[in-house]
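# The following block contains a protein sequence and its predicted model.
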Amino acid sequence: MPRHGRKFREAKVKVPVGVRFAPDEAVQLVKELSFAKFDETVEAAARLSVDPRRADQIVRGTVILPHGTGKTVRVLVAAQGEKEKEAREAGADYVGLDLLAKIQEGWLDFDVMVATPDVMGKVGPLGRVLGPRGLMPTPKAGTVTFDVGRAVREIKAGKIEFRVDKTGNVHVPIGRVSFPPAELVANLGAFMDQIVRARPAAAKGTYIRSVTLSSTMGPGVAVEPNLYRRGGA
């Protein structure tokens, strides 16, 4: 494994070992320990007591972060007729079925793809290109819908998708270091609310094992997980 640089090590020693902070304290510490010359992303990671190999223990969903992620999201909409107009009026960056041929050729200059159900037969063959990059529209993520206007507006406003990885962790961006602390705390709260709502019925014992915040380059700061163990955890 690569060794961390001096600045990371200096920041790491400022994080008390074994201490779990209240969300506002954790956010403040992450901001204080950031050292990069760019506006780092702040990421939340929740470690869950689930077995992602079992279909009945998959944790996934979407959440609209009240203050967005700080990133400009480029949205492509695959639709036809009136739905193209609706998508453009909602602020979509790219609209139209003619873009599917460009994607087939390797063009992927967008962050989220929305498609209406009636064109999924044409989008489906692009699964090999879109799937590995997490760009394939799905009903569960709300990106296969006839309500394209609403979908585009929500994505632009800060809607993100989350899914547990093979190690039982969920990682999402909740903003940038430059955000006011209250906005990062609110975004973290919105994300954790959805994690609690997404608890599988098959999950046993303590559902949320740990919660950690970190900036792109900085060390992790533990958040008190008991704050999010509602609902019989």
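It's in.
# show me the contacts for residue 115.
77-79, 123, 137, 143-144 (C-beta atoms under 8 Å, 6 or more residues apart in numbering). In short, each C-beta sits where N, CA and C put it, glycine included.
# Please apply the same query to residue 162.
With contacts defined as C-beta under 8 Å, 6+ apart, residue 162 is in contact with 59-63, 170-172, 191, 194-195.
# Contact partners for the nearest residue in space to residue 14 that is not next to it in sequence?
Closest residue to residue 14 apart from its sequence neighbours, by C-beta to C-beta, 6 or more residues apart in numbering: residue 33 at 6.1 Å. Shown in contact with residue 33 (C-beta under 8 Å, 6+ apart): 11, 14-15, 215, 218-219, 221.
# and of those, the nearest to residue 199?
Residue 199 lies nearest to residue 221 out of the contacts of residue 33, by C-beta to C-beta, at 24.0 Å.
# before we move on, the earlier item: ok, which pair from the contacts of residue 162 is furthest apart?
By the measure C-beta to C-beta, 62 and 171 form the most distant pair in the contacts of residue 162, at 14.7 Å.
# neighbour count winner among these two?
residue 62 (17 against 14; other C-beta atoms under 10 Å).
# Doesn't that one belong to a strand?
Yes. Counting by DSSP: H, G, I helix; E, B strand; the rest coil, residue 62 is found in a strand.
# ok, it - contacts?
141-142, 159-162, 194.
# what do you get for residue 21?
Counting by C-beta under 8 Å, 6+ apart, the residues that residue 21 touches are 29, 221-224.
# Show the buried residues in the residues you listed.
Buried members of the contacts of residue 21, scored by 16 or more other C-beta atoms under 10 Å, are 29, 221-224.
# Need those in a markdown table (columns: distance to residue 20, pLDDT and secondary structure).
Formatted as a markdown table, the buried ones among the contacts of residue 21 follow (distance: C-beta to C-beta, whole Å; pLDDT from 0 to 100; DSSP: H, G, I helix; E, B strand; the rest coil):
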| residue | distance to residue 20 | pLDDT | secondary structure |
| --- | --- | --- | --- |
| 29 | 12 | 95 | helix |
| 221 | 9 | 95 | strand |
| 222 | 5 | 95 | strand |
| 223 | 6 | 96 | strand |
| 224 | 4 | 94 | coil |
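# In those residues, find the pair that's most separated.
Largest separation among those by C-beta to C-beta: 29 and 224, giving 13.0 Å.
# residues making contact with the helix of greatest length in the chain?
Ranked by number of residues, the top helix in the chain under DSSP state H is helix 181-197. With contact meaning C-beta under 8 Å, 6+ apart, helix 181-197 is reached by 23-24, 27-28, 31, 42, 44, 46, 48, 59, 61-67, 158, 162, 170, 172, 174-175, 179, 207-208, 211, 213, 223, 227-228, 230-231.
# Okay, and which of the residues you listed map to helices?
23-24, 27-28, 31.
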